[in-house]
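**Student:** here's my sequence, what's the structure:
(2 chains)
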Amino acid sequence: MSAWKDYVTAALLGSGKSALPALPSSLQAALGDTETMDAESRFLTHAGAIALWRRAGWKPLHHETAVVAAESESTAPLSRASMGHLRAMLAGRCLSALPEWLGEVARSRRHVPPELLPALLDRARQERVLRSLVISAGGQRALWLAAQNPLWSFGESALPESWETGGRDQRLAILRCWRAETPAMARAKVEEVWAAEPADIRTALVAELATNLSEEDTPFLERLLDDRSKEARRAVIDLLARLPASPFVARMTARVTPLLHFTKGGLLSRATLEVTLPGDPDAAATRDGLDPKAFGQQKILGEKAVLLVLMLSAVPLRHWTEAFQQTPEALLKAVQKSEFARALATGWAWAALRQRDATWAEALLDGGVAPHGEFLPAKPLLIVLPDAARAVRLAALLREGALTKKDTTRWQEFTDLLSTLPGHLPPALARDLLAVLRKECADGLPWHLRSLAESFLLRLPPAMLGEAAQGWPIDQEGVAPLVEILSFRHDALTALTPS
Amino acid sequence: MQILTTEQVLALAPDAASVKAGQGLSNPGKWVSLGRDDRAVWGECQGSGKDPYRAQADLTGPAFHCSCPSRKFPCKHGLGLLLLLAANPARVSETTAPAWVTEWLTKRQANAEKKAAKAEAETAPVDPETAAKREADRTKRAAKREDRVRAGLTDLETWLGDLARQGLAHAKQQPAQYFDTMAARMVDAQAPGIARRLREWPGVFASGDGWADRALAEAGTLRWLLHGFSRLDTLPEGLCASVRQAIGWTTAEQELQGAELQRDRWQVIGQIVEEEDRLRVQRTWLIGEETQRPALCLSFAATNQALDVSLLAGTVIEASVAYYPSGAPLRALVRERHGEPKPLVNGMGCETFAEALQGTAELLAGDPWLEKTPWLVRECLPLRREDTWWLCDRDGAIVPLARQFPHAWPLLALSGGKPVTVFGEWDGHALHPLSAIAEEKFIALGGALS
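**Tutor:** Residues are numbered from 1 along each chain as shown, chains lettered A, B, ... in the order given. Purely as a prediction, here's the structure:
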């Protein structure tokens, strides 16, 4: 409407600077005579009338696009009680129980209410572990909604085009997909970009090849031993060491075999394993990662012992049992008196981790020779054992008193071990753990142990919760929040159980 | 007994911190005792003191009482109690109310009766002499206020005239003080309605594209308010009331004594609380199922005071309401309730935005100073285009959603690409949704979602 535009233009400059713009005729009739007013009043009166006229006659725009609707849900909505639990968690109460609860929602064939999906998806942006859980507990609506907001696509639906242009996480996600589906193609893609990537990206890319690792990767990995970056070379060696038929493993085996001599025990003498320390590494050995300073500045292992550890870590454990015709237990017993006992155990433990060798792991755990844990990759040896065997060992640790509130370090170590068991704890271990925790809480729990205790309680099997929530010294320091977790989990999971 | 849903209880919380604290207390383990009967729910909660706090809620209100020293209302104990009841009714067993509960309920009953009696006494006939004196006092006070307003509005007229002459581009360069001073002058002149509008001017000038259109529209609207005031004696009764209300005269509840009552099943369709000059203002929108008439109930509270919590979004109440006088009556007072609130299910509303705009035009015809008009439109589809949110009706007409509407994504999630019923406030430029009905489920969007 041009009359209004004329008035706005005039108003910007000031009503005195131009003539009074014309009024639309229909308004003129309605307003009647305004000439008796002073100029400014008349201007504003006219403008106010047009403004009201425009407001009353506001017309919407039009839009023509078909919107694709979400598929309808095949699962049931949450009960009112469960909605209350979800709101409570989103408001910050027992938030740590959310992953388990979301999993249970999906398992019980229900879906969370759509209006809370944005809050959940936002949370999943920060907490990776929630991503697939939110999508599966959110039903069809969550899939539909996540597709509407690039921030919620989480790289899972990342288009292959992003391989060249995407950010680091996005590119790694794409590579992970490729490697899972077509390992050779994924390797070729890495090979293609290798020379142009910075060291940290090269390291991350090669680490992704651990999925579906096979002999076919050997030639490429062998070439990478000449890479400029020490970090990238380490990642390469870690992969090569897991390929028993690789030339790298053969070279390492050839280097270390002459250094160990096994002598069978007799009637009066014990079996022994004697060690000759390796010489200084030549160029070929250096290329294979044999670096006497590999563990940095440290006074635990001598430089030659470091080389020994590195060699052992890359040799198939089968080689020793076959060469000496001895069980792992016998070999470990034979080295007990050796001054290099712990270096040997460290090398073998590393190899057991790489080769996921449960027999050797059991032997090392019981062998009476402790590996130098600080030089091993983060995961403890227990990870190699089957779940049941691991649970048994954890229960034994508990009985030995691994969990006392006076010793925070041991408590932390135990938590790490516990975290190697997937899902809910086995009932027997859970019961033992609960008994110890109750005892430790009798006169209160220091605040710094609360999150560790919480992480145990989050993993008690649901069937135990009702009973577990009873009989705590609730008035003692730090105990009420623990009981809160137990009773909240009990209520929230029970509400999801089909009655 | 009416058990409130979690959503309804959360709508009662005075702030986000209370929501969190209330959630923390919705765990039965925090309560030493819990109980309920057909009217009330109560519990004792161990706090930091020696004796547990005694919290109770009268579910017919709902009304709250607690022995804790919190100045928030309702306090976290009251909220926790109702949240617990909503999520886990089985954990609160029905029993006989202890003395500390019945005492409070009896006192509430007595107060309500006393208030009714007092109201009756004020309207009761008095001897002619007293009546004449009261009337004379009232007239004198009213005349004095009118004089003050008149003087203030004369200043405003001059100020607006200067603004028009010097131009909006000039005004845009003025510091906020330029408007604040005039707003303060309006407060002195007992014209708080105008003061409130003036305080929003700096925001209008800074509002980006189209600011000059909005500023001129607002200046023109104020100019018309001045016209209205100068002709108060000749205006029809309703329009006269609208002018007085826009300037800032309030109508006392007693003055509604004789007003005609409108009885209906009222859907409590939307609720929002906003901060306004250190005052919390709660707007609750009702729509009559029979008459389709909207009604707006206001509640005001200074910090640490309680807002009225008796109207819960998502419920339907059978009630009689009295409308405040206006050229386009919207503001109303719930006078009498008949029976318990029931959950809101049925979707009424306009079919198209054209229809809703027609309703707005009719309301503006009665009261040109109305700032927000209620829209209830069925089959709306939320859309996002170029980072702006829109609502699309069945005819493909689109209106923008208010930029400050915080729940656009949840609204989109609710729709799932299928049309939903939306209730909101239309301010002439954009719609601010306050609730939606999707798949026969009512979702309040006026406050926090979780």
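
**Student:** ok and the residue in chain A nearest chain B?
**Tutor:** Across chain A, the shortest distance to chain B (Cβ to the nearest Cβ) belongs to A:Gly48, at 2.5 Å. Placement of C-beta: from N, CA and C, glycine included.

**Student:** how about that residue, nearest residue that isn't a chain neighbour?
**Tutor:** B:Gly220 (2.5 Å; Cβ to Cβ, 6 or more residues apart in numbering or on different chains).

**Student:** neighbours around the one you found, how many?
**Tutor:** 24 (other Cβ atoms under 10 Å in any protein chain shown).

**Student:** wait, doesn't the residue of chain A closest to chain B sit right on B:Leu226?
**Tutor:** No. At 9.8 Å, A:Gly48 and B:Leu226 do not qualify as touching, with contact defined as Cβ atoms under 8 Å.

**Student:** the more surrounded of these two?
**Tutor:** A:Gly48 (24 against 21).

**Student:** can you tell me how far that one is from A:Trp4?
**Tutor:** According to Cβ to Cβ, to the nearest Å, A:Gly48 stands 11 Å off from A:Trp4.

**Student:** can you check A:Gly103 too?
**Tutor:** Taken as Cβ to Cβ, the span from A:Gly103 to A:Trp4 is 59 Å.

**Student:** which one's more surrounded, those two?
**Tutor:** A:Trp4 (18 against 15).

**Student:** tell me who's in contact with that one.
**Tutor:** A:Ile50, A:Ala51, A:Arg54, B:Asp213 (Cβ atoms under 8 Å, 6 or more residues apart in numbering or on different chains).

**Student:** mind doing that once more with 6 Å?
**Tutor:** A:Ile50 (Cβ atoms under 6 Å, 6 or more residues apart in numbering or on different chains).

**Student:** and it, backbone torsions?
**Tutor:** The phi/psi pair for A:Trp4 (degrees, to the nearest 10) reads phi -60, psi -40.

**Student:** for stretch A:436-450, buried residues please.
**Tutor:** Neighbour counts over stretch A:436-450 (16 or more other Cβ atoms under 10 Å in any protein chain shown) mark A:Val436, A:Leu437, A:Glu440, A:Cys441, A:Leu445, A:Leu449 as buried.

**Student:** I should have written stretch B:106-122 there, sorry.
**Tutor:** Neighbour-count burial for stretch B:106-122 [16+ other Cβ under 10 Å]: B:Arg108.

**Student:** how about it as PDB, C-alpha atoms only?
**Tutor:** Only the C-alpha atoms of stretch B:106-122 are listed here, as PDB (Å, rounded to 0.1, in the frame of the first residue of the first chain):
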ATOM      1  CA  THR B 106     -10.500 -25.300  58.100                       C
ATOM      2  CA  LYS B 107      -8.700 -21.900  58.200                       C
ATOM      3  CA  ARG B 108      -8.800 -21.700  54.400                       C
ATOM      4  CA  GLN B 109     -12.500 -22.400  54.500                       C
ATOM      5  CA  ALA B 110     -13.000 -19.700  57.200                       C
ATOM      6  CA  ASN B 111     -11.000 -17.100  55.300                       C
ATOM      7  CA  ALA B 112     -12.900 -17.800  52.100                       C
ATOM      8  CA  GLU B 113     -16.200 -17.300  54.000                       C
ATOM      9  CA  LYS B 114     -14.900 -14.100  55.700                       C
ATOM     10  CA  LYS B 115     -13.900 -12.700  52.300                       C
ATOM     11  CA  ALA B 116     -17.300 -13.400  50.900                       C
ATOM     12  CA  ALA B 117     -18.900 -11.800  53.900                       C
ATOM     13  CA  LYS B 118     -16.800  -8.700  53.600                       C
ATOM     14  CA  ALA B 119     -17.600  -8.400  49.900                       C
ATOM     15  CA  GLU B 120     -21.200  -8.600  50.700                       C
ATOM     16  CA  ALA B 121     -20.900  -6.000  53.500                       C
ATOM     17  CA  GLU B 122     -19.300  -3.500  51.000                       C
END
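
**Student:** residues in contact with that stretch?
**Tutor:** Contacts of stretch B:106-122 (Cβ under 6 Å, 6+ apart): none.

**Student:** make it 10 Å
**Tutor:** Surrounding stretch B:106-122, the residues in contact under the criterion Cβ atoms under 10 Å, 6 or more residues apart in numbering or on different chains are B:Ala40, B:Asp58, B:Thr60, B:Gly61, B:Ala63, B:His65, B:Ala124, B:Glu253, B:Gln254, B:Gln257.

**Student:** narrow these to those that are buried.
**Tutor:** Using 16+ other Cβ under 10 Å, the buried ones in the contacts of stretch B:106-122 are B:Ala40, B:Asp58, B:Thr60, B:Ala63, B:His65.

**Student:** and which of those is nearest A:Ala330?
**Tutor:** A:Ala330 has its nearest neighbour among the buried ones among the contacts of stretch B:106-122 in B:Ala40, at 77.0 Å by Cβ to Cβ.

**Student:** please name the bridge partners of the closest one.
**Tutor:** B:Asp58 (DSSP bridges).

**Student:** show me which residues of the stretch 101-250 of chain A sit near chain B.
**Tutor:** Residues of the stretch 101-250 of chain A lying near chain B by Cβ under 10 Å from any Cβ of the partner chain: A:113-122, A:138-142, A:144-145, A:148-149, A:152.

**Student:** closest approach to chain A from chain B, which residue is it?
**Tutor:** Closest point on chain B to chain A, by Cβ to the nearest Cβ, is B:Gly220, at 2.5 Å.

**Student:** can you show me the strands along the stretch 1-150 of chain A?
**Tutor:** Remark: strands assigned in the stretch 1-150 of chain A by DSSP state E, counting those that start in this stretch are A:61-62, A:76-77, A:110-111.

**Student:** what's the most buried one of those?
**Tutor:** Ranked by mean neighbour count, these are led by strand A:110-111 with a mean of 20 (mean count of other Cβ atoms under 10 Å in any protein chain shown).

**Student:** in its sheet, what does it sit against?
**Tutor:** For strand A:110-111, pairing defined by DSSP bridges yields strand A:76-77 (parallel).

**Student:** contacts for the worst-scoring helix or strand of chain A on mean pLDDT, please.
**Tutor:** Lowest mean confidence among the helices and strands of chain A (mean pLDDT, DSSP states H and E): helix A:162-165, at a mean of 79. Here helix A:162-165 makes contact (Cβ under 10 Å, 6+ apart) with A:Gly155, A:Leu159, A:Gln170, A:Arg171, A:Ala173, A:Ile174, A:Leu175, A:Trp178, A:Lys189, A:Glu192, A:Val193.

**Student:** got the phi and psi for B:Val32?
**Tutor:** phi -70, psi -40.

**Student:** next, the residue lying closest to it once chain neighbours are set aside: secondary structure please.
**Tutor:** What sits nearest to B:Val32 in space, not counting adjacent residues and going by Cβ to Cβ, 6+ apart, is B:Glu44, at 4.4 Å. Three-state assignment for B:Glu44 (DSSP: H, G, I helix; E, B strand; the rest coil): strand.

**Student:** residues from the stretch 1-150 of chain B in reach of chain A?
**Tutor:** So the stretch 1-150 of chain B meets chain A at B:3, B:5-7, B:9-10, B:16, B:19-30, B:46, B:83-84, B:86-91 (Cβ under 10 Å from any Cβ).

**Student:** in ChimeraX, select just the buried ones from these.
**Tutor:** Typed into ChimeraX, the line below selects the buried ones among the residues of the stretch 1-150 of chain B next to chain A, using 16+ other Cβ under 10 Å:
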select /B:5,6,7,9,10,19,20,21,22,23,24,25,26,27,28,30,83,84,86,87,88,89
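
**Student:** filter the residues of the stretch 1-150 of chain B next to chain A down to the ones in helices?
**Tutor:** B:6-7, B:9-10, B:16, B:19-24, B:83-84, B:86-87 (DSSP state H).
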